[in-house]
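J.: Predicted model, plus sequence, below.
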Amino acid sequence: MKLYEFATSGNCYKIRLALGNLGKSYTREAVSRDGGTKTPDFLKLSPTGVVPVLEIAPGKLVTESAAILAYLGKGTPMLPEDPYEHAQVIRWLSFEQERVLSSIAGARFIRKMLNIPKEREAEFKAKQEAGYKALKIMDAHLAKNRFFAGDRYTIADVALYGYTHLAGEDGAGMDLKPYPNVVAWLERVKAQPGHVTLMQ
Ligand SMILES: N[C@@H](CCC(=O)N[C@@H](CS)C(=O)NCC(=O)O)C(=O)O
């Protein structure tokens with residue numbers, strides 16, 4: 001398998017984290033952050049012009065981090081087969097895309113990659129505020145559950161960890177202290193076998 005990626009992207013990290021947890025081998029292909037996702041050749045791999053893309057066999061591609069995680073998780077304990085538990089995984093994958101990617105990931109991008117230009121300050125603050133709303137929902141769930149779905153570590157945890165672990169000072173610049181259940185869950189994710197860090 002070959003992963004097309006940006007090394008510092010949380011979306012690409014989700015895939016490396018799942019591959020690490022599952023003990024699967026793969027190769028990495030760096031895509032240039034400077035227009036590499038918009039070349040005609042890359043758009044043939046990913047019509048939306050984004051990484052990650054996982055090539056699972058020559059010319060056979062999976063795009064969108066949630067879909068890639070579902071592909072990798074299928075048939076493993078990281079994607080429950082029970083219909084209710086499976087639905088909970090999908091619920092949190094959708095939540096991640098709608099509520100975490102647009103907020104925490106966006107705030108991290110504006111802060112770390114763009115250094116918060118003056119004209120984007122209001123947008124940055126709005127993304128942080130939306131991020132705090134997402135963290136509140138996650139914290140309430142984790143007050144009663146060790147993981148997000150099926151009472152065990154699944155691809156839902158991988159997806160949510162991708163950017164939640166970058167919400168703090170070295171990422172989106174948010175304060176995680178008011179969300180102790182999220183902080184404890186981050187540690188549980190780190191303790192999973194095969195865990196890899198963002199820059200590994
Ligand atoms: N919904 C997509 C979002 C992927 C995404 O936004 N990727 C960013 C990097 S984190 C990207 O490739 N942006 C295009 C670019 O910056 O050229 C997913 O979950 O995979």
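T.: Sure, I can see it.

J.: which ones are touching the closest residue to Ser9 other than its chain neighbours?
T.: Residue nearest to Ser9 in three dimensions, not counting chain neighbours: Val51, with 6.2 Å by C-beta to C-beta, 6 or more residues apart in numbering. Just so you know, the C-beta spots here come from the backbone N, C-alpha and C atoms, and that holds for glycine as well. Applying C-beta atoms under 8 Å, 6 or more residues apart in numbering to Val51 gives the contacts 4-6, 9, 11-12, 31, 37.

J.: quick one: which of those sit in helices?
T.: Using DSSP state H, the subset of the contacts of Val51 located in helices is 11-12.

J.: Can you tell me which of the contacts of Val51 has the most neighbours?
T.: Cys12 (26 neighbours; other C-beta atoms under 10 Å).

J.: That residue against Tyr26, yeah?
T.: No. Distance between Cys12 and Tyr26: 11.7 Å, which falls outside the contact criterion (C-beta atoms under 8 Å).

J.: Can you check which residues contact both of the two?
T.: Counting by C-beta under 8 Å, 6+ apart, the residues touching both Cys12 and Tyr26 are Leu3.

J.: Please list the residues of the chain that sit near the ligand.
T.: Selection of the chain residues close to the ligand by C-beta under 6 Å from any ligand atom yields 6, 9, 11, 37, 50-52, 64-66, 97.

J.: Pipe these into JSON lines and attach pLDDT per row.
T.: Written out in JSON lines, the entries for the residues of the chain next to the ligand read as follows (pLDDT from 0 to 100):
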{"residue": "Phe6", "pLDDT": "96"}
{"residue": "Ser9", "pLDDT": "96"}
{"residue": "Asn11", "pLDDT": "98"}
{"residue": "Thr37", "pLDDT": "97"}
{"residue": "Val50", "pLDDT": "98"}
{"residue": "Val51", "pLDDT": "98"}
{"residue": "Pro52", "pLDDT": "98"}
{"residue": "Glu64", "pLDDT": "98"}
{"residue": "Ser65", "pLDDT": "98"}
{"residue": "Ala66", "pLDDT": "98"}
{"residue": "Gln97", "pLDDT": "98"}
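
J.: which among those gets closest to Lys136?
T.: Proximity to Lys136 was ranked across these by C-beta to C-beta; first place goes to Gln97, at 18.1 Å.

J.: Please identify which helix or strand holds the most centrally placed residue in the chain.
T.: The structure's the chain has its C-alpha centroid closest to Gly162; by C-alpha atoms, centre = their mean the separation is 3.3 Å. For Gly162, the element it lies in under DSSP states H and E is helix 155-164.

J.: Pretty sure Thr154 sits against Val89.
T.: Yes. Between Thr154 and Val89 there is a contact under C-beta under 8 Å: 5.4 Å.

J.: before we move on, back to that, tell me the helices and strands packed up against whichever helix or strand comes after the helix holding Gly162.
T.: Secondary structure here is assigned by DSSP H and E; on that basis, the next helix or strand after helix 155-164 toward the C-terminus is helix 180-190. Secondary structure elements in contact with helix 180-190, counted by 3 or more C-beta pairs under 8 Å, 6 or more residues apart in numbering; DSSP states H and E, are helix 121-142, helix 155-164.
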